[in-house]
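Undergrad: test case, fold it:
(chains A and B)
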There are 2 protein chains.
Amino acid sequence: MARRPTLKDVAELAGVSVSAVSYALNDRSGVPLAEATKTRIRRAADELGYVPNRVARSLQARAARAIGVILDKPLTSPRYAGIVEGIGIGLRDHDLQLTLVPGGAVEAAVEDARGGLLAGLIFIGHDDLSAPPALVAQVLAHRIPFVALDCGERDAPYATVDFDYATGVRQAVAHLAEQQVTEVLYVRPDLDSRAEIQRERALADELSARGDTRLTVLSDGITAEKLETLDAHPGSLADHITRLRTDIERALRASSDPDLSRTAVLCAWGSDVEAAYRAAHAVGGVHVASLAAGTLELDLWPNLFSSRLPLEEAGRACADLIVAEVAGRAESPHLLLAPTPAASATTIPLSDTGGRP
Amino acid sequence: MARRPTLKDVAELAGVSVSAVSYALNDRSGVPLAEATKTRIRRAADELGYVPNRVARSLQARAARAIGVILDKPLTSPRYAGIVEGIGIGLRDHDLQLTLVPGGAVEAAVEDARGGLLAGLIFIGHDDLSAPPALVAQVLAHRIPFVALDCGERDAPYATVDFDYATGVRQAVAHLAEQQVTEVLYVRPDLDSRAEIQRERALADELSARGDTRLTVLSDGITAEKLETLDAHPGSLADHITRLRTDIERALRASSDPDLSRTAVLCAWGSDVEAAYRAAHAVGGVHVASLAAGTLELDLWPNLFSSRLPLEEAGRACADLIVAEVAGRAESPHLLLAPTPAASATTIPLSDTGGRP
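TA: Numbering: from 1, shown residues only, chains lettered A, B, ... in the order given. Presented below is the predicted three-dimensional model:
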């Protein structure tokens, strides 16, 4: 690359001192420079294509323009794409950039934040992963602006944003009650994560409060290990769905209530909805609901309900909170965001003409 | 925020000069400092929690660690999530970070690259958007490491990565020929973009070379304006699919060949596949193929073929090329990446039991 023009180059071309250039280009008041001199300096700077070194400016101002977003999940997972998109939109409003920090680069990101290259850090939790204690210790020790998303730490001494999983469960149960459902097959992963524990507890509480609905729990077979495989090989999802569909269909056929119109499959994860829908379709008349949006377009599939997590909203909230922290606001709010209930708007089934493919 | 300890603080605590601290912590050889002095300085630095200011280091070394990725499409679109994920994976291998630059912030990104905050820029094109001339002029004038993805500029004086759309068309036509298809309904957006022109031209060429296959072209109704609406309101996709499905079904029923098993719907866009599949399912026996992967899991839908764009591979290629540019390699390669053909591995239709939901 060509050598970038320096203050000195501008000074030589304009025939003034380096400090005169510095004063003129930074437009500092109180320095006795004639307007003609300032104009000459600015013309010389333009001619040479001089730009003030932003790194140097940042050093002086201690104002990095990027926020590090720590994420160790693929962006190809709609959940994380939605969150990161929301953070990006939120930061844009404040003229801040978003720098992606992979899970393995947390230490470097902390160093960047301490060294002034990142203005703050947002940690995106998932499953049973919360902000690592070593990261939290560093953030607190060095007063790095910090926000933790989906880490379930509402007493933390830093700002947090969490999803209200229990409210999602109540939304789904209320919808199914309206549909006269009295049998719920709950499909959930084999993970003892905070979110799964919250959801299953809320579901048991809600149903026992109602008293007239029977609950059966079915594992979808997703362990932490299997999840890593699915993240690394998205093509293996079809195989997972095919197997799960068989398991769900078997469980539905074993139901004690022969009237399946009062039965619902409730999925903890959006990625299981397609398996549930196919099984429900095969046995006929079963309702499908989920506690997170999957990739099925809700409005195209009849008898489908989703309690959608507010992904973009959560991302925007993280952005707003980190901006407040960067600005030095002392309080650390803990936000709890409720999902949005949405029922399928269509009544047209895929197989409405009985045609065969 | 607390004042960060400076070199001077360390020097005072250690009882040495500031330059001695600077020498000791940067471990410069050739400077006559006793080991005991160095140890004392390092202990003082540890005690105070001093970190060398990375911004200052970056200023000296002119080695920014982030690449700006210019993207003005939502990450919630699987296509762009896949590309950005690939770039991130590629940059990680070189210990580089990825900073997202929204389309409206290109000027600021150029300034950051000139000022040393960004080590280079990657521009992600789409539809009829290529790298803006003003950006290209700046990049060339200031020798900013630059790579353009999917901009169709294979003679450009900078590195480029493009998708080989014509090969994708040939893959789809070859697959449909194997299935004895003699009627192709081509569903494409109302955009005169480079990619659409390339695809339609390749399709006409391939089919006229075969001679035995009839081509009908159907617009999916997506104009540049409608596309913006779909990006801004992802919930409106279901409505688009419902309308398009009706249009495709009508076109299929109007087909001159009563044997629909020799008819295929070929979609230019993955997002249209669900409409095509539903229409094909309604009339029965029709093949569905697409020139880009949609959100339908290929292996779950019978009679489905996709020529998948190598999104992650393209992202990784951009990362490799920008790393080479940052390292000062003079050549500017132009890569053309072919899609991967993939046919559905299942024969189990959704409605295999004739059940009704």
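Undergrad: show the pLDDT at the most centrally placed residue in chain A.
TA: In chain A, the residue lying closest to the centroid (CA atoms, centre = their mean) is A:I83, at 2.6 Å. At A:I83, the model reports a pLDDT of 97.
Undergrad: do A:L25 as well
TA: The model's pLDDT for A:L25 equals 73.
Undergrad: and what of A:G88?
TA: For A:G88, the pLDDT comes out at 96.
Undergrad: ditto for A:A108
TA: The per-residue pLDDT reported for A:A108 equals 90.
Undergrad: cool, and A:R54?
TA: With respect to pLDDT, A:R54 has a value of 54.
Undergrad: ok, A:A224 next?
TA: For A:A224, the predicted pLDDT is 92.
Undergrad: go on, the one 5 residues further on?
TA: At A:T229, the predicted lDDT confidence score is 93.
Undergrad: how about it: what's its closest non-neighbour residue?
TA: Nearest residue to A:T229, sequence neighbours excluded (CB to CB, 6 or more residues apart in numbering or on different chains): A:S236, at 6.2 Å. Every residue, glycine included, has its C-beta placed from N, CA and C.
Undergrad: need the three-state assignment for the one you found.
TA: With DSSP: H, G, I helix; E, B strand; the rest coil as the basis, A:S236 sits in helix.
Undergrad: quick revisit: my guess is the residue nearest to the centre of chain A meets A:R316, correct?
TA: No: with contact defined as CB atoms under 8 Å, A:I83 and A:R316 do not form a contacting pair (9.8 Å).
Undergrad: secondary structure class for A:S271?
TA: Of the three states, A:S271 takes helix under three-state DSSP.
Undergrad: actually, A:P302.
TA: Three-state assignment for A:P302 (three-state DSSP): coil.
Undergrad: now it. Its backbone dihedrals?
TA: The phi and psi values for A:P302, taken as degrees, to the nearest 10, are phi -70, psi 160.
Undergrad: pull the number of nearby residues for it.
TA: For A:P302, the count of nearby residues is 20 (other CB atoms under 10 Å in any protein chain shown).
Undergrad: give me the pLDDT for it.
TA: So, for A:P302, pLDDT stands at 84.
Undergrad: picking up where we left off before, the residue nearest to A:T229 contacts A:L230, doesn't it?
TA: Yes: counting by CB under 8 Å, A:S236 touches A:L230, with 5.9 Å between them.
Undergrad: more neighbours: these two, which one.
TA: Comparing A:S236 with A:L230 by other CB under 10 Å, the one with more neighbours is A:L230, at 17 against 14.
Undergrad: list the contacts of that one.
TA: Counting by CB atoms under 8 Å, 6 or more residues apart in numbering or on different chains, A:L230 makes contact with A:I222, A:S236, A:L237, A:H240, A:S271.
Undergrad: and A:A11, by the same measure?
TA: Counting by CB under 8 Å, 6+ apart, A:A11 has contacts A:S17, A:V18, A:A20, A:V21.
Undergrad: and if you look at A:G152?
TA: With CB under 8 Å, 6+ apart, A:G152 has these contacts: A:G125, A:S130, A:D162, A:R194, A:A195, A:Q198.
Undergrad: turn those into JSON lines, including distance to B:R188, secondary structure and pLDDT.
TA: Below are the contacts of A:G152 laid out as JSON lines (distance: CB to CB, whole Å; DSSP: H, G, I helix; E, B strand; the rest coil; pLDDT from 0 to 100):
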{"residue": "A:G125", "distance to B:R188": "42", "secondary structure": "coil", "pLDDT": "93"}
{"residue": "A:S130", "distance to B:R188": "47", "secondary structure": "coil", "pLDDT": "86"}
{"residue": "A:D162", "distance to B:R188": "44", "secondary structure": "strand", "pLDDT": "96"}
{"residue": "A:R194", "distance to B:R188": "46", "secondary structure": "helix", "pLDDT": "90"}
{"residue": "A:A195", "distance to B:R188": "42", "secondary structure": "helix", "pLDDT": "92"}
{"residue": "A:Q198", "distance to B:R188": "46", "secondary structure": "helix", "pLDDT": "94"}
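Undergrad: which of those residues lies closest to chain B?
TA: Lowest distance from chain B to the contacts of A:G152 (CB to the nearest CB) belongs to A:G125, with 18.7 Å.
Undergrad: need the contact list for the closest one.
TA: So A:G125 contacts A:A131, A:A148, A:L149, A:D150, A:C151, A:G152 (CB under 8 Å, 6+ apart).
Undergrad: cutoff 6 Å now
TA: A:D150, A:C151 (CB atoms under 6 Å, 6 or more residues apart in numbering or on different chains).
Undergrad: and if you look at the one 5 residues further on?
TA: The contact partners of A:S130, taken as CB under 6 Å, 6+ apart, are A:C151.
Undergrad: distance of it from A:E85?
TA: A:S130 sits 22 Å away from A:E85, going by CB to CB, to the nearest Å.
Undergrad: do the same with A:L335
TA: Taking CB to CB as the measure, A:L335 falls 18 Å from A:E85.
Undergrad: the two - which one has more neighbours?
TA: Using other CB under 10 Å as the criterion, A:L335 and A:E85 rank with A:E85 on top: 23 against 19.
Undergrad: A strand includes that one, no?
TA: No: assessed by three-state DSSP, A:E85 does not belong to a strand; its assignment is helix.
Undergrad: now for it: which residues touch it?
TA: B:P74, B:L75, B:T76.
Undergrad: looks to me like A:G294 is in a helix.
TA: No: assignment of A:G294 by three-state DSSP gives coil, placing it outside any helix.
Undergrad: quick check: phi and psi at it.
TA: phi -100, psi -150.
Undergrad: would you agree it is in contact with A:G270?
TA: Yes: using CB atoms under 6 Å, A:G294 is in contact with A:G270, at 3.1 Å.
Undergrad: who has more neighbours out of those two?
TA: A:G294 (23 against 19).
Undergrad: distance check, the more buried one against B:H94.
TA: Separation of A:G294 from B:H94 (CB to CB) stands at 35 Å.
Undergrad: same question for A:V147.
TA: A:V147 is 28 Å from B:H94, by CB to CB.
Undergrad: likewise for A:W269?
TA: 34 Å.
Undergrad: which one of those two has more residues nearby?
TA: Comparing A:W269 with B:H94 by other CB under 10 Å, the one with more neighbours is A:W269, at 19 against 16.
Undergrad: if we can go back for a sec, the contacts of A:E85: which ones sit near chain A?
TA: When CB under 6 Å from any CB of the partner chain is applied, the members of the contacts of A:E85 adjacent to chain A are B:P74, B:L75, B:T76.
Undergrad: so can I have TSV of the residues you listed showing neighbour count and secondary structure?
TA: Output for the ones next to chain A among the contacts of A:E85, formatted as TSV (neighbours: other CB atoms under 10 Å in any protein chain shown; DSSP: H, G, I helix; E, B strand; the rest coil):
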residue	neighbour count	secondary structure
B:P74	18	coil
B:L75	27	coil
B:T76	19	coil
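Undergrad: so what touches the helix or strand hosting A:V21?
TA: Element membership for A:V21, per DSSP states H and E: helix A:18-26. With contact meaning CB under 6 Å, 6+ apart, helix A:18-26 is reached by A:L7, A:K8, A:V10, A:A11, A:V31, A:L33, A:K38, A:I41.
Undergrad: now, the residues you listed that are in helices?
TA: Using DSSP state H, the subset of those located in helices is A:L7, A:K8, A:V10, A:A11, A:K38, A:I41.
Undergrad: what's the host helix or strand of A:L266 packed up against?
TA: Element membership for A:L266, per DSSP H and E: strand A:263-267. Strand A:263-267 is packed against strand A:183-188, helix A:273-283, strand A:287-290, with contacts defined by 3 or more CB pairs under 6 Å, 6 or more residues apart in numbering or on different chains; DSSP states H and E.
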